[in-house]
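Peer 1: any chance you can model this:
(one chain, ligands or ions: 1)
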Amino acid sequence: MTGAGGALGGAIAERLAGDGFRVAVVDIDRSAAEATVSRIVEAGHEAVALTCDLREQAAIEEVFAGAEEQLGTVQALVNNAAIFPSGPFLEVETSTLDDTITVNQRAYFLTAQLAARSMTNTGGGVIVNVASIVWHGRWDNLSPYVASKGAVVAMTRALARELGRHDIRVNGVAPGAFPTAAEAAQHEDLEAYEREILQSQALKRRGRSEDVAALVSFLCSDESSFITGQTINVDGGWIMV
Ligand SMILES: NC(=O)c1ccc[n+]([C@@H]2O[C@H](COP(=O)([O-])OP(=O)(O)OC[C@H]3O[C@@H](n4cnc5c(N)ncnc54)[C@H](O)[C@@H]3O)[C@@H](O)[C@H]2O)c1
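Peer 2: Numbers count the residues shown, from 1 in each chain. Next up is the predicted model:
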């Protein structure tokens, strides 16, 4: 899984390892990936840390081959790594747009292609793409990020449609607002933002990374064997459509 050194990614990796998956913890940040692996191994489960810059196609291909060599044929892929540049649309630099689309969308496409090629030879599998509720369009100053996440939702549907005949399910998970370092970096007045979040959510508590991990776990399990092409919000009832 990608971005598994991060806040939500770490929790997802730990949960999947607990479910019995041998997890490839892929991240550009080596020490973050190793920290996730340490927690997994301490809990008695199996994982390896793999460093990869998901902006590079050759690096993606290399890390994918390395993961299969060390852990066996891929059964589930979780695309989770993302960057979140903020700023007004009128001032977005093309390089910022390119970077965001490359990490948040293109890498999801490329990893899914590699995984699906492998899964078609082994009788099926599962792909989970981490999106965000932002694609519903209520947030300012995040246009490259919002565009990339909307693309992830659309791509999830397109891949589910084409890969269903190979017994490959493709679903998305759209987190709401979680108290992570990314949130702290993006909001100057965190107390005001937290008040806004709790007012917007139907449930009056902050989300926990375990809430996202539980949904990914479900989508990677046979319990969801008749669900594909869906992007499910895990947001305390913020968005209802
Ligand atoms: N935190 C939230 O509230 C929230 C809300 C909605 C959606 N999400 C989504 O959840 C996912 C995880 O978010 P998070 O809050 O854990 O973020 P995070 O920043 O903690 O984790 C993202 C991880 O991706 C890695 N990464 C970034 N660029 C990379 C690259 N080029 N190559 C390889 N790895 C790279 C980072 O090193 C980091 O470990 C993202 O897809 C994000 O869009 C998060």
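
Peer 1: now the strand or helix carrying Glu194: mean pLDDT?
Peer 2: According to DSSP states H and E, Glu194 maps onto helix 190-200. Mean per-residue pLDDT for helix 190-200: 96.

Peer 1: what does stretch 34-42 give?
Peer 2: The model assigns stretch 34-42 a mean pLDDT of 98.

Peer 1: and the ligand, is whichever strand or helix holds Phe64 touching that?
Peer 2: If you go by DSSP H and E, Phe64 is part of helix 57-71. No - contact of helix 57-71 with the ligand (CB under 6 Å from any ligand atom) is absent, the minimum separation being 8.2 Å. C-beta here means a position set from N, CA and C on the backbone, and glycine is covered the same way.

Peer 1: rewinding a little: can I get the helix holding Glu194 in PDB? Just the C-alpha atoms.
Peer 2: What follows is helix 190-200 as a C-alpha-only set of coordinates in PDB (Å, rounded to 0.1, in the frame of the first residue of the first chain):
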ATOM      1  CA  LEU A 190      -7.400  24.800  14.400                       C
ATOM      2  CA  GLU A 191     -10.000  25.400  17.200                       C
ATOM      3  CA  ALA A 192     -12.300  27.300  14.800                       C
ATOM      4  CA  TYR A 193     -11.800  24.600  12.100                       C
ATOM      5  CA  GLU A 194     -12.700  21.900  14.600                       C
ATOM      6  CA  ARG A 195     -15.900  23.700  15.600                       C
ATOM      7  CA  GLU A 196     -16.800  23.900  11.900                       C
ATOM      8  CA  ILE A 197     -16.200  20.200  11.500                       C
ATOM      9  CA  LEU A 198     -18.300  19.200  14.400                       C
ATOM     10  CA  GLN A 199     -21.100  21.500  13.300                       C
ATOM     11  CA  SER A 200     -21.000  20.000   9.800                       C
END
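
Peer 1: my guess is Ser225 contacts Arg169. True?
Peer 2: Yes - between Ser225 and Arg169 there is a contact at 7.4 Å, judged by CB atoms under 8 Å.

Peer 1: of these two, which one has the most company?
Peer 2: Taking other CB atoms under 10 Å, Ser225 and Arg169 do not tie; Arg169 has more neighbours (25 against 11).

Peer 1: identify the spatial nearest neighbour of Thr231, chain neighbours not counted.
Peer 2: Gly172 (3.2 Å; CB to CB, 6 or more residues apart in numbering).

Peer 1: which SSE is that neighbour in?
Peer 2: strand 168-175.

Peer 1: so what touches that strand?
Peer 2: 8, 112, 116, 119-120, 124-133, 135, 149, 152-153, 156, 159-160, 163, 207, 212, 215-216, 219, 224-225, 227-235, 239 (CB atoms under 8 Å, 6 or more residues apart in numbering).

Peer 1: those residues in helices, which ones?
Peer 2: The members of those that map onto helices under DSSP state H are 8, 112, 116, 119-120, 149, 152-153, 156, 159-160, 163, 212, 215-216, 219.

Peer 1: just the CA atoms from the lowest-mean-pLDDT helix or strand in the chain would do, formatted as CSV, please.
Peer 2: Every helix and strand in the chain was compared by mean pLDDT, DSSP states H and E; the lowest is helix 181-186, with a mean of 82. The C-alpha trace of helix 181-186 is given here as CSV (Å, rounded to 0.1, in the frame of the first residue of the first chain):
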residue,chain,number,x,y,z
ALA,A,181,-0.5,16.8,10.7
ALA,A,182,-1.8,17.7,7.3
GLU,A,183,-4.9,19.3,8.9
ALA,A,184,-2.7,21.2,11.4
ALA,A,185,-0.5,22.5,8.5
GLN,A,186,-3.5,23.7,6.5
